[in-house]
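S.K.: predicted model and sequence below, questions to follow.
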Amino acid sequence: MAVEPDSVGVRFPPPFVYSGALLLGLVAERFVTLRSFGIDWRLLVATGALLFVAGAAMMLAAAGLFRQLGINAPPSRPTTQIATTGPYRWSRNPMYLAMALIYAGLAISLDGPIALAMLPLVLITIQTQVIAREERYLEAKFGEEYRSYKARVRRWF
């Protein structure tokens, strides 16, 4: 992925981190003993679907707001402004939170305890390799405007 000079500098799309770890976890379950939550599949599917729908709704709201404001979503592209409305009123990172909800929903629906157990590692990777870079970039580019936003809105929720 080409990274523009005026950007966060992330070279890999964050959705690939989530989807890659989910696939790795689901594949790993074919090779280990613990391959099930041991819960009725209907409850797993219902719980997973609820998380998936919540994540998808949050993702659509955040992506729609970016489109409306003309903000580039990929961290490899320049940011033109700070989104502070919609889901960004409650979370500085609703897209990453949405991806985590979708990931958890799929892992649970597919009865994947190993995949679900990998989610904290994904979140640590996103936090250290993407969000930390984004925050430095936004603070350098927008200064006090971003620091003020950062002081009043939580990172995740």
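M.R.: Thanks, I have it. Residues are numbered from 1 along each chain as shown.

S.K.: by mean pLDDT, point me to the weakest helix or strand of the chain.
M.R.: None of the helices or strands of the chain scores lower by mean pLDDT, DSSP states H and E than helix 132-142, at a mean of 93.

S.K.: centroid-nearest residue for this structure?
M.R.: Y96 (1.8 Å; C-alpha atoms, centre = their mean).

S.K.: how many residues are close by the closest residue to that residue other than its chain neighbours?
M.R.: Spatial nearest neighbour of Y96, chain neighbours left out: I126 (5.4 Å); criterion: C-beta to C-beta, 6 or more residues apart in numbering. Every residue, glycine included, has its C-beta placed from N, CA and C. Residues lying near I126 (other C-beta atoms under 10 Å) number 21.

S.K.: and the gap between I126 and I108?
M.R.: Distance of I126 to I108, computed by C-beta to C-beta, to the nearest Å: 19 Å.

S.K.: what's the answer for G38, then?
M.R.: 13 Å.

S.K.: neighbour count for these two, which is higher?
M.R.: Between G38 and I108, I108 has the larger neighbour count (other C-beta under 10 Å), namely 24 against 9.
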